[in-house]
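Q: give the three-dimensional model of this entry:
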Amino acid sequence: MPKFAANLTMLFNEVPFLDRFAAAAAAGFSGVEYLFPYEWPADELAARLADNGLVQVLHNLPPGDWAAGERGIACHPGRIAEFRAGVARGIEYATRLGCPRLNCLAGILPQGVSREAAEAVFIENLAYAAAELGRAGLRLLVEPINTYDIPGFFLSRSDQAIRIMDAVGAGNLYLQYDIYHAQRMEGELAATIARLLPRIDHMQLADNPGRHEPGSGEIHFPFLFGEIDRLGYDGWIGCEYRPAGDTVAGLGWLPGR
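A: Have a look, this model is predicted:
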């Protein structure tokens, strides 16, 4: 059965962020992920991981001005220096937290920038980030995100991601396959996972519609988990969903509970 990591940005919002590590461990999780660590000292986060016997599975590179609506800057011409500074910061945190992978958010296509120009910048930035992460022994991920939730997001489909990854040609660049985003954009979940499994290093889940826990919507997760098992995927699946109610009360979908 797949290994499930609690996404602390989305789950356990009943308590302050730093208390979510203990809440996740108490609920039976052994791995955690969250969007960004940069608001807290790395030593504090590392202590929370150690105190609760947790491993850090994933976090993202800095996304630009998140509060202002930016969702990554990797496809933004004119912000390459800022992106590279973010790569260094991401590596610093990942190294301290023992996190083996970092996700790079492509960002929303800037106004007045062609898709061709944005793709060229994205490829350049990914090549740089992959090389830097490779020197640190880390993996770089890219994640297609649906354009219903984030209109204009540049990277939105699996095959687009694979084409860009091939253009970069880095051995440590992988796909982050988010089941929720993929269901909204393209469907064919089991077949796509089977086809792209060698390129996938991390998965995430939520049901659709609503982005709530498995069992709340249209995705047949028992079948999908069985297929993922059958394919031999041994990585993590991040639980990146909004609980419909209390987090712990909504964990009945987890296999074995």
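Q: so for stretch 95-107, mean pLDDT?
A: On average, the pLDDT along stretch 95-107 is 98.
Q: could you pull out the buried residues of that stretch?
A: L97, C99, P100, R101, L102, N103, C104, L105, A106, G107 (16 or more other Cβ atoms under 10 Å). To be clear about C-beta, it is placed using only N, CA and C from the backbone, and glycine gets the same treatment.
Q: next up, the contacts around the second one.
A: Okay, so that is C99. By Cβ atoms under 8 Å, 6 or more residues apart in numbering, the residues touching C99 are Q56, V57, L58, H59, Y93, L138.
Q: now for these, which pair is the farthest apart?
A: Greatest spacing in the contacts of C99, by Cβ to Cβ: V57 and Y93 (13.5 Å).
Q: ok, of the contacts of C99, which come out buried?
A: Buried members of the contacts of C99, scored by 16+ other Cβ under 10 Å, are Q56, V57, L58, H59, Y93, L138.
Q: ok, the last one touching N172?
A: Which is L138. Yes: between L138 and N172 there is a contact at 7.2 Å, judged by Cβ atoms under 8 Å.
Q: please enumerate the helices of the stretch 101-250 of the chain.
A: Secondary structure of the stretch 101-250 of the chain (DSSP state H, counting those that start in this stretch): helices at 115-135, 158-168, 179-185, 189-196, 221-231.
Q: most tightly packed of those helices?
A: Burial of the helices of the stretch 101-250 of the chain is given as mean neighbour count (mean count of other Cβ atoms under 10 Å); helix 179-185 ranks first at a mean of 22.
Q: ok, and what's touching it?
A: By Cβ under 8 Å, 6+ apart, helix 179-185 touches 143-149, 156-158, 189, 192, 203-208, 211, 218-219, 224, 240-241.
Q: return the subset of those residues lying in strands.
A: Under the assignment DSSP state E, the contacts of helix 179-185 contribute M203, Q204, L205 to strands.
Q: spit out the contact partners of the first one.
A: Just to be clear, that refers to M203. Each residue near M203 by Cβ under 8 Å, 6+ apart is listed here: P2, Q176, Y177, D178, I179, I193, I228, Y233, G235, W236, I237, G238.
Q: just these: which has the poorest pLDDT?
A: pLDDT across the contacts of M203 is lowest for P2, at 82.
Q: residues contacting the closest residue to that one other than its chain neighbours?
A: Nearest non-adjacent residue to P2, counting by Cβ to Cβ, 6 or more residues apart in numbering: I237, 4.7 Å away. Neighbouring residues of I237 by Cβ under 8 Å, 6+ apart: P2, K3, F4, A5, H202, M203, Q204, L205, I228.
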